[in-house]
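A.B. asks: Sharing a model prediction with you, sequence too.
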Amino acid sequence: MIWNRVDPAKVHRLFYTQVSVVIVTEVNRRIGAMPAIWCMPISFNAPLVGIALAPEHETCSMIKKARAFTINWPDYSHAHQVGELGEISGREFADKLAAVKLTTVKRKGDSQPVIQVPFSHEDRGTS
């Protein structure tokens with residue numbers, strides 16, 4: 001077996017073979033979204049998910065105002081669009097998901113949108 005050396009500055013990439021989750025929130029008809037690679041299960045009973053977001057991002061500011069968000073798990077067919085989300089600023093768009101050609105829906109009774117493609121998702125409020 002041949003082992004390849006990994007640049008120490010890139011070793012963290014070995015842990016993440018999946019597409020990032022997409023965090024989505026809506027405030028005053030503005031839709032913010034961002035990929036979040038730092039996402040992990042915290043508890044299975046009750047189900048809790050932890051995410052790490054940089055507070056300077058517009059989507060993070062929107063989550064604080066909305067006090068709610070959804071976590072969307074894309075499949076690999078949407079990897080390019082998820083990557084594009086990380087390259088553009090929500091300050092420039094009223095609907096950041098529309099900017100990368102993704103649409104959202106709201107289920108009856110939910111305050112926050114989910115991405116309308118074959119994603120899995122979870123609704124979360126903040127405390």
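C.D. replies: Looks like it arrived, so ask away. Numbering: from 1, shown residues only.

A.B. asks: So for the protein, the centremost residue is which one?
C.D. replies: Residue closest to the mean C-alpha point of the chain, counted by Cα atoms, centre = their mean, is residue 22 at 1.8 Å.

A.B. asks: Show the pLDDT at the nearest residue to residue 106 once chain neighbours are set aside.
C.D. replies: Using Cβ to Cβ, 6 or more residues apart in numbering and skipping the chain neighbours, the partner closest in space to residue 106 is residue 113 (5.1 Å). In this view, the C-beta of every residue, glycine as well, is placed from N, C-alpha and C. Note on residue 113: pLDDT of 91.

A.B. asks: Can you verify my assumption that residue 113 contacts residue 70?
C.D. replies: Yes. Proximity of residue 113 to residue 70 meets the contact threshold set by Cβ atoms under 8 Å, at 6.8 Å.

A.B. asks: which neighbours do those two share?
C.D. replies: Taking Cβ atoms under 8 Å, 6 or more residues apart in numbering as the criterion, residue 113 and residue 70 both touch residue 24.

A.B. asks: quick one, which of these two is more surrounded?
C.D. replies: residue 70 (25 against 22; other Cβ atoms under 10 Å).

A.B. asks: Spell out the secondary structure type for that one.
C.D. replies: Recorded secondary structure, residue 70: strand (DSSP: H, G, I helix; E, B strand; the rest coil).

A.B. asks: Any buried residues in the longest helix anywhere in the chain, and which?
C.D. replies: In the chain, taking DSSP state H as the definition, the longest helix is helix 58-66. Residues of helix 58-66 classed as buried: 58, 59, 60, 61, 62, 63, 66 (neighbour count, 16 or more other Cβ atoms under 10 Å).

A.B. asks: Would you agree the last one is in contact with residue 24?
C.D. replies: This means residue 66. No. Applying Cβ under 8 Å as the test, residue 66 and residue 24 come out as separate, 10.2 Å apart.

A.B. asks: Report the set of residues contacting both of the two.
C.D. replies: residue 112.

A.B. asks: nearest spatial neighbour of residue 89, skipping sequence neighbours?
C.D. replies: Excluding its sequence neighbours, the residue lying closest to residue 89 (Cβ to Cβ, 6+ apart) is residue 58, at 6.3 Å.
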